[in-house]
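1. after the sequence you'll find the predicted model.
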Amino acid sequence: MPEERKLVSLVFADVVGSTAWGAQQDPEFVRHSMARYFARMKDIAETHGGTVEKFIGDAVMVVFGVPQLHEDDAERAVRAALAMRDAIADLKRDLGIALAVRIAVNSGDVVTGGGEEQRQFLVTGDAVNVVARLEAGAEPDEVVVGALTERLTRDSIEYEARDPIVAKGKPEPVPAFRALRARSAIPVSHGGPPAPPGTFVGRARELRHLLDSVERATDERTGYLVTLVGNAGVGKSRLVAEVMARLAQRAGVRILRGRCLAYGAGITYWPLMDVVREDAGIDSSDDRGAVLGKLSVRLATLFSGDRLPAVQARIALLLGLEPAAAVLPNVSAERIAVELSWGIRQFLDAIAVHETLVVVIDDLQWAESAVLEVLGQVADRSSTVPVLLLCIARPELLERNPSWAAGRSNASLVHLEPLDEPDTRTLLSGLLASGDVPPPVASLITERSAGNPLFCEEFLRMLIDAGHLEFADGRWNATGSIGQLPLPESIHSIVAARLDGLPPTEKITFQRASVIGEHFALDELLALDGEMGVAPEALVRKGLFVADRDDPSGRSLRFKHLLIRDVAYGSLSKADRATLHDRVAALLEAGKADRREEFSELLAYHAAQSYLLSRELRLEPDTIAPRSARALRCSTLAGDRALALFATEQAVGHYALAIEIASDDEPMLGELQLRLANAAFLAGTAQRAVDAAEEARRWFEERDDRRGVGLALSRVAQYRWYLGETTVAREAAEDAARLLEPLGKSHELAGAYAIVARLAYLNWDYSTVAEWGQRAVDMARAQMALGIEADSLITLGSVEAVVGQGVARLREGIDLASANDMVETAVRGFHNLSVSLHATGSTGSETHRAYEEMFAYARQHHFRTETLIVDEAFYTLPTGDWDAVLRLAREARGETVWTIQLHLLEAFIVAGRAGPERSLPLLAVPLRALRGAGASHKIFDLSILGRVTLLAGDARATLEHLDAIAMDIRRGLYPETDEAVVCALAAAIMQEDSAARDRWIGIALADEAAARRVAGRARRAFAQAERTASEGDLDLAISLLGESAESFGQSFLPFGETLARRRRIELLLRRNGAGDRDAAQAELAAILPYWGKAKATWYLAQLERWAADRGLTPMPPVITSERKMGV
């Protein structure tokens, strides 16, 4: 019997006080009594289906699940233990002796195997140790069970609580339960997970919905997304098969399929690659030349003109036929994913021009985020051609992606539920082609299957295989006692029991196929298991393998269900898994040499599994070494491939594993750390990027590699800046430049200069920007580093704009980046242009046009980052569409310099809608991040923070936050910093703090340069109004506040405008003693629409009370109704 891994249940029973008792009895009597005891224990064990593992002195250990697994092994073990306890009472009565026994039951994973000739089935594992410890802690005549056993049997066994058992060798007491009695005389099993049945029953509503979705896509010529969700085995695949069969009879419908695989980190774009390969007729046995030929022929039928080479480049990259540098040389790594998305959308849309296209994606729960994004875009943007995306998934998809398909008018979710009782009986009858299931058997299966079609099918198959259902005289007959058969509690137990009943050669073949994956070619299986003989055909006949219809050659099989494969794989010992994964990896490397990139992630999965399992088992160094080398090589290749496709999270995983595998003297280790840092940064995990870059720096320092140290420091500077650590970042960049300068001109040195200049710009050190920025430009031009040149021109141009020299150089940098498809750099330029236009006195409309130019450019290039999300959120806020802002704010999470601003925007909205109790707790993350932020980020973020606390009614906190930046606020480049000055003044007025008011009036008026900016004029007018009002000239103050409100409105700063108008209302009500209520009422009417549109319920309520206290008419009904729509 070969070694295997199994989930078994163990019973351990020991006689209490047998030594003392034996000393008082005649030896022959003792021998006779113990012989009866052992015989009775053995009989009980075997009656319940257990195997006596060993007799140790007076103790008995019984294993349930060896050699044959049963789905109810845990229940059998507890029932046997209870029977043993009762048998001891009978023995005591029959023999007139005072014996007692302690019994324990425990379930867990073990490794089985041993001497077949001795009929001894050895089991090892922690579960064996634990059952002995549980028995030692039991009371006389008590049956104690472990936690897993109790969980598996609580519906069939009655338990009571007891204290945990202190077990030798365990750091914590072991949870234990006292078994009292069985809940029924006959064992009761329970249902679990599954796979698709052969007979189609029920599902009329779901079938109609899917077919109607195809009609809708066809009639409306639009994209439509349907996601079919259900538990494993509930019948999703069978329903889709029925839909496909009906569609196949229609003209003008094209069906393509792709599947998502669950291999570790996953095959990122595999389902989309499947779709392309099927459409182009590409076979897995084709060499690279044949694949390119078939792809070219197919694309030529779909495209012409300039679109043909554009699409062909992206599809070739998707399939790993060409590297990114060859087909998209001017595209940055960040944009590869969006370029692939564009290519696949063009491909599918072209197919759908002449016929309705139905794309079926199997097992979407395994899909990577990149694939989900592409599918969503296909559904959203296929607005002129009929494309139906039919996705099949388990509920885990929605657990991991709760917003999947939400908010789309062209999408629907179909939840597939178990069959009802009549349909289950119909299904059972259909499964037996000749004759009906006997009524008692049908009732039993219907009750136990819980409407799960696979449960029905597998249960029925087991009854036939076991000989309990036989076909004779034209009908099916039940033989023997059906109620004593193993009854399924889960698909795992059903499949495991079937596997244990297979002939050895078939079982071994089945297990080895599970290492390859859910789908496999017969040639692959033959190469892995040269002695398999006719086993695959036998397994097909038994329904464990089925033909893979996606393979036109007919030389591929698949497991009937992924869970069947999982059970088979789990039964292999880890040593066997390691060996088999190594064989698969070797076969892939040899057989796919010219398509290695296409299969890189699959190759990396098998190589990594082989190495990790070998390391876990501490195999011989001679065995581990070649497996380690292959895993390192393949993980690095997979990381490079994933990063080239901008699948950044997958790249991080591959690089991290490569680093884990590599020894410290691996020549590539420093480079691997830098690749990990780059991938982590692009994935939005800046702190991990910093950590990896710092590790690379230390590694290069230990080897006195100054160029490597300089490059690592440049990366550290870039990433720390992103975290808001401006000072530390600048120091790192300057250190990098000093290290690299003695080595001569280089791309790396130009990059270090550029980072120093950019960080100096953020600290208002404009002389350093001019010096280092020009160095960067000159060296970048000498090195033909266009990206660094464009970035440096944008930095230099931004400074020139701030000091009043115009935006020409800034535009030069933007044009250079745009012309060379440096999208990220161009977007940064557009952002700085918008800020610079504000600084030079442009109105909000003019700066917003610059933002709109940036958004259009980014959309054109399918580019989206956190910085762009932040800009879009601040752009949207003045429109009053706060729901859209919230969606943007929740799109990016974390604690980078950009996401902190989104946290603050979310807090502002929650303050307006729900008040301080809900909003102020949201400030914890921004406040923590601000402690280490650089000066420029701190000014902007504290400006927004002051706005949040003032809106929430906390004027004291507003003054505290804004006083912290009072001396530097004049350096702020954004209109929000001008608004913050007015927030401080308004807070001082609310607090009746004349000293703070006068201080902030001085701050507002001291910066004469602010008069160039529209928002700056707004803040100066507000401050002048306060000074004038304190001197008694209310008319002039009211006029100045009107100018302030108008300027804030032109700057698209509604909160600043509201503050100016509220202050104006207060002065209007004081004018001439009696006040001007009509003018005040008009001013209130000007305030309300924005907050009503924003559904700022809490703030509207505050305004309503504030207005009523001053004798003004409460807000109009339309505002009140809008207020009810808020939080």
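-> Nice, I can see it.

2. doesn't F177 fall inside a helix?
-> No: using DSSP: H, G, I helix; E, B strand; the rest coil, the secondary structure at F177 is strand, not a helix.

3. what sits against it?
-> Applying Cβ atoms under 8 Å, 6 or more residues apart in numbering, we find F177 in contact with 144-147, 150, 159-162. In short, each C-beta sits where N, CA and C put it, glycine included.

4. what sits against I282?
-> 276, 290-291, 294-295, 319.

5. center of the chain - which residue?
-> Within the chain, the residue whose C-alpha comes closest to the C-alpha centroid is R400; the distance, by Cα atoms, centre = their mean, is 6.1 Å.

6. gap between it and R394?
-> Look at R400 and R394: by Cβ to Cβ, to the nearest Å, they are 10 Å apart.

7. repeat for L682
-> In this view, L682 and R394 are 30 Å apart by Cβ to Cβ.

8. repeat that for L1040.
-> Using Cβ to Cβ, one gets 65 Å for the distance from L1040 to R394.

9. what pLDDT does the model give W404?
-> For W404, the pLDDT comes out at 87.

10. got phi/psi on it?
-> When quoted as degrees, to the nearest 10, the phi and psi of W404 stand at phi -60, psi 130.

11. can you count the residues close to it?
-> Here the count is done by other Cβ atoms under 10 Å, and W404 has 21 residues near it.

12. check contacts around it.
-> 227, 372, 397-398.

13. which of those residues tops the neighbour count?
-> The most neighbours of any of the contacts of W404, using other Cβ under 10 Å, belong to L397, which has 23 neighbours.

14. which residues in the stretch 101-250 of the chain form helices?
-> Using DSSP state H, counting those that start in this stretch, the helices assigned to the stretch 101-250 of the chain run over residues 126-137, 147-153, 204-220, 236-248.

15. what's the answer for the stretch 601-750 of the chain, then?
-> Under the criterion DSSP H, counting those that start in this stretch, the stretch 601-750 of the chain contains helices at 621-644, 648-661, 669-682, 686-702, 706-722, 726-740, 747-762.

16. can I get those helices in CSV including mean neighbour count and distance to S556?
-> Listed next are those as CSV, based on neighbours: other Cβ atoms under 10 Å; distance: least, Cβ to Cβ, whole Å:
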stretch, mean neighbour count, distance to S556
helix 621-644, 21, 23
helix 648-661, 24, 26
helix 669-682, 24, 34
helix 686-702, 21, 40
helix 706-722, 24, 45
helix 726-740, 22, 53
helix 747-762, 26, 48
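
17. can I get those helices in a markdown table including distance to R997 and mean pLDDT?
-> Below are those laid out as a markdown table (distance: least, Cβ to Cβ, whole Å; pLDDT from 0 to 100):
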| stretch | distance to R997 | mean pLDDT |
| --- | --- | --- |
| helix 621-644 | 55 | 92 |
| helix 648-661 | 50 | 92 |
| helix 669-682 | 45 | 92 |
| helix 686-702 | 40 | 94 |
| helix 706-722 | 37 | 91 |
| helix 726-740 | 32 | 90 |
| helix 747-762 | 31 | 89 |
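
18. out of these, nearest to L239?
-> With Cβ to Cβ as the criterion, L239 lies closest to helix 648-661 of those, at 31.2 Å.

19. still on that earlier bit, format the helices of the stretch 601-750 of the chain as JSON lines; extra columns: distance to I788.
-> JSON lines is the format used below for those (distance: least, Cβ to Cβ, whole Å):
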{"stretch": "helix 621-644", "distance to I788": "20"}
{"stretch": "helix 648-661", "distance to I788": "22"}
{"stretch": "helix 669-682", "distance to I788": "16"}
{"stretch": "helix 686-702", "distance to I788": "18"}
{"stretch": "helix 706-722", "distance to I788": "11"}
{"stretch": "helix 726-740", "distance to I788": "13"}
{"stretch": "helix 747-762", "distance to I788": "5"}
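
20. looking at these, which is nearest to D871?
-> Of all the helices of the stretch 601-750 of the chain, the one in closest proximity to D871, counting by Cβ to Cβ, is helix 706-722 (15.8 Å).

21. now find how far off-centre that closest one is within its chain.
-> Centroid displacement of helix 706-722 relative to its chain, using Cα atoms, centre = their mean, to the nearest Å, is 29 Å.

22. how about stretch 769-787?
-> 40 Å.

23. list every C-alpha atom in it, with coordinates, as CSV.
-> In CSV, the C-alpha atoms belonging to stretch 769-787 read as follows (Å, rounded to 0.1, in the frame of the first residue of the first chain):
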residue,chain,number,x,y,z
VAL,A,769,15.1,73.0,-9.0
ALA,A,770,16.7,75.2,-11.6
GLU,A,771,20.2,73.8,-11.0
TRP,A,772,19.4,70.1,-10.7
GLY,A,773,16.6,70.2,-13.2
GLN,A,774,18.8,71.6,-15.9
ARG,A,775,21.5,69.0,-15.1
ALA,A,776,18.8,66.3,-15.5
VAL,A,777,17.7,67.8,-18.9
ASP,A,778,21.2,68.1,-20.3
MET,A,779,22.3,64.6,-19.3
ALA,A,780,19.0,63.1,-20.4
ARG,A,781,19.4,64.6,-23.8
ALA,A,782,23.0,63.3,-24.0
GLN,A,783,21.8,59.8,-23.0
MET,A,784,18.7,59.9,-25.2
ALA,A,785,16.5,59.4,-22.1
LEU,A,786,13.4,61.1,-23.3
GLY,A,787,11.3,60.1,-20.3
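
24. nothing else from me, thank you.
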